[in-house]
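Colleague: sequence-free structure coming up:
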């Protein structure tokens, strides 16, 4: 069942067939959200774990477990790549030759420069059908059981469209994310990776580093027994997936190295101020931070 | 009305007169908690702001605003120093000559080495009546209006008794904090300051540093617009009082410099691993951090 491009504008688009690769938190929630919006015909799921796929089917996330990638992507309206980023290059190479003319592809990866490079390297001309996306809706939870229809409501999704994308392709992918309830904006892949190195990847690295530093101490149990709510919040993200964050750090290495170097310079300045007993400088640093943090509200 | 030492053990002690210096979150909540426990006769408040004292009286935190420090501490059972630590030395010098024989003194300061040094320098022999304490119940809120009777329930309070303290003095102060609902433990002042440099003071410094680093960027508004829940939790403590944290950092400078240097070495290791693209080393670091953070529960 191949469908032509639907008008865009005020009309709600329909997606007669949606194919999800990776039916975990990101992919499963995308499927549930589109279902709830009432715009999806059939949802087909692929993945590496048959048990997870079966669970997703039983939870009503997907209608059926895909058996033939080539056949299922050939007449899909929309394909979501929601696997770990490290698996996307091979997946792109696998699907590209079989994509229907009107099939649009998007992804849920947290880094974009590497995903875009993988698309160019593995999709050939079909890269024009791929509109990269980063849904800012990560959580410590993962897996199909964690998927929920309202995960994306009010959350940001950043598209990093390619110059090869048609306005229609971008609109269809944007609309799908908007139907999930997300607030969609666009950046270049490089802008995206620089921004998220600063506000997400670096804080994760710093939080892992603090816990790792304490974890190596002989008296770590005593230390942790006196840790309180400040420590709890500062280190919440140190409970994130080591594999996922390893991949993100490697994928966004250049931007993250720049942010880490900048932060280490900041600590040098603070170390010098503290060593000199310069209370005024410390107060100036803390005051600007408090002002900016106090005025910030999560959007 | 001078009262003699009450028996300790299973009997609930009474505190016929409690004097609070500084009727904000810490001092006000202490007063409210002892009141709720039904063990207090009169609560007298002193402070630098007449408006705050009046507010505390109207809120039922104190019975009356003190007029004469010497007279009020001479027959008090218990005195709490809940001012900023920077004001304690002068306060100790002011009250020491007038303390009754059975008057016990405690405090609510977040650092202990400096408070103990101030006690020795300003209280003379009367330092034996002072049992230092650190209630681990800070919050971003402050002021009398934020005080609440249940602030200390289930929270840790660390005593750092002096060799000069009698067992009876320690027991009376411990019992007062326990009546507030706190879980009381003891460390030496040096142990205390080393532990809290690691699990509290350093994380605050690191959180202030991250926000300060971003605050200086030309594109800070764009950066902050994409910050999400990881950033929110990591930087929550950067909204803390700059004055209070300036004082804590200066007061606990030596231990904090040691922790900061250790953390900067940790970042050096991570920077090298990232620059070398050493995914395995990053994963090892993140995995140990996740394991330790995942097993930690706030007590």
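Modeller: In hand now; what should we look at? As the structure is a computational prediction, the values presented were derived from the model and not from experiment.
Colleague: mind listing what the residue of the stretch 1-150 of chain A found nearest chain B touches?
Modeller: Nearest residue of the stretch 1-150 of chain A to chain B, counting by C-beta to the nearest C-beta: residue A:136, 4.9 Å away. In this view, the C-beta of every residue, glycine as well, is placed from N, C-alpha and C. By C-beta atoms under 8 Å, 6 or more residues apart in numbering or on different chains, the contact set of residue A:136 is A:155-158, B:226, B:228.
Colleague: and the residue nearest to it when sequence neighbours are not counted, how far from residue B:230?
Modeller: In space, residue A:136 comes closest to residue A:156 once its chain neighbours are excluded; the distance is 4.3 Å by C-beta to C-beta, 6 or more residues apart in numbering or on different chains. The spacing between residue A:156 and residue B:230, counted by C-beta to C-beta, to the nearest Å, is 13 Å.
Colleague: likewise for residue A:92?
Modeller: Applying C-beta to C-beta, the value for residue A:92 to residue B:230 is 28 Å.
Colleague: who's more crowded, these two?
Modeller: Remark: of residue A:92 and residue B:230, residue A:92 carries more neighbours, 24 against 19, as counted by other C-beta atoms under 10 Å in any protein chain shown.
Colleague: now the more buried one: how far from residue A:49?
Modeller: For residue A:92, the distance to residue A:49 - C-beta to C-beta - is 20 Å.
Colleague: then residue A:43?
Modeller: Note on residue A:43: its distance to residue A:49, by C-beta to C-beta, is 17 Å.
Colleague: any idea what residue A:20 is bridged to?
Modeller: Beta-bridge partners recorded for residue A:20 (DSSP bridges): residue A:45, residue A:80.
Colleague: count the neighbours of it for me.
Modeller: As a burial measure, residue A:20 scores 30 neighbours (other C-beta under 10 Å).
Colleague: isn't it right next to residue A:30, touching?
Modeller: Yes. Under the criterion of C-beta atoms under 8 Å, residue A:20 makes contact with residue A:30 at 6.8 Å.
Colleague: coming back round to it: of residue A:43 and residue A:49, which one has the most company?
Modeller: Comparing residue A:43 with residue A:49 by other C-beta under 10 Å, the one with more neighbours is residue A:43, at 28 against 14.
Colleague: quickly find the element holding that one.
Modeller: Element membership of residue A:43 [criterion: DSSP states H and E] is strand A:40-46.
Colleague: list the contacts of the longest helix anywhere in chain A.
Modeller: Counting by DSSP state H, the longest helix found in chain A is helix A:253-275. Under the criterion C-beta under 8 Å, 6+ apart, residues A:193-194, A:197-198, A:201-202, A:205-206, A:249, A:278, A:281-282, A:285, B:205-206, B:209-210, B:212-213, B:249-250, B:253, B:256-257, B:260-261, B:263-264, B:267-268, B:270-271, B:274-275, B:277 lie in contact with helix A:253-275.
Colleague: mind checking how far that helix is from the chain centre?
Modeller: Here helix A:253-275 is found 26 Å from its chain centre; the criterion is C-alpha atoms, centre = their mean, to the nearest Å.
Colleague: stretch A:246-260 too?
Modeller: Relative to its parent chain, stretch A:246-260 has a centroid offset of 15 Å by C-alpha atoms, centre = their mean.
Colleague: just the strands in the stretch 1-150 of chain A please.
Modeller: Here the stretch 1-150 of chain A has its strands, by DSSP state E, counting those that start in this stretch, at A:15-21, A:40-46, A:64-65, A:78-81, A:104-107, A:133-135.
Colleague: residues in contact with the third one?
Modeller: Pointing back at strand A:64-65 there. Residues from elsewhere that reach strand A:64-65 (C-beta under 8 Å, 6+ apart): A:42, A:44-46, A:50, A:53-54, A:57.
Colleague: how is chain A partitioned into domains?
Modeller: Chain A breaks down into these domains under automatic domain parsing: A:15-187, A:192-295.
Colleague: using the three-state scheme, assign residue A:200.
Modeller: Here residue A:200 is recorded as helix under DSSP: H, G, I helix; E, B strand; the rest coil.
Colleague: give me every residue that touches it.
Modeller: Neighbouring residues of residue A:200 by C-beta under 8 Å, 6+ apart: A:110, B:226-228, B:230-231.
Colleague: same thing with residue A:183?
Modeller: Listed by C-beta under 8 Å, 6+ apart, the contact set of residue A:183 reads A:154-157, A:299.
Colleague: switch the cut-off to 6 Å
Modeller: Counting by C-beta atoms under 6 Å, 6 or more residues apart in numbering or on different chains, residue A:183 touches residue A:156.
Colleague: what does residue A:80 give?
Modeller: Applying C-beta under 6 Å, 6+ apart, one finds that residue A:80 lies in contact with A:20, A:27, A:30, A:106.
Colleague: residues near the third one, how many?
Modeller: The one in question is residue A:30. By other C-beta under 10 Å, 33 other residues sit near residue A:30.
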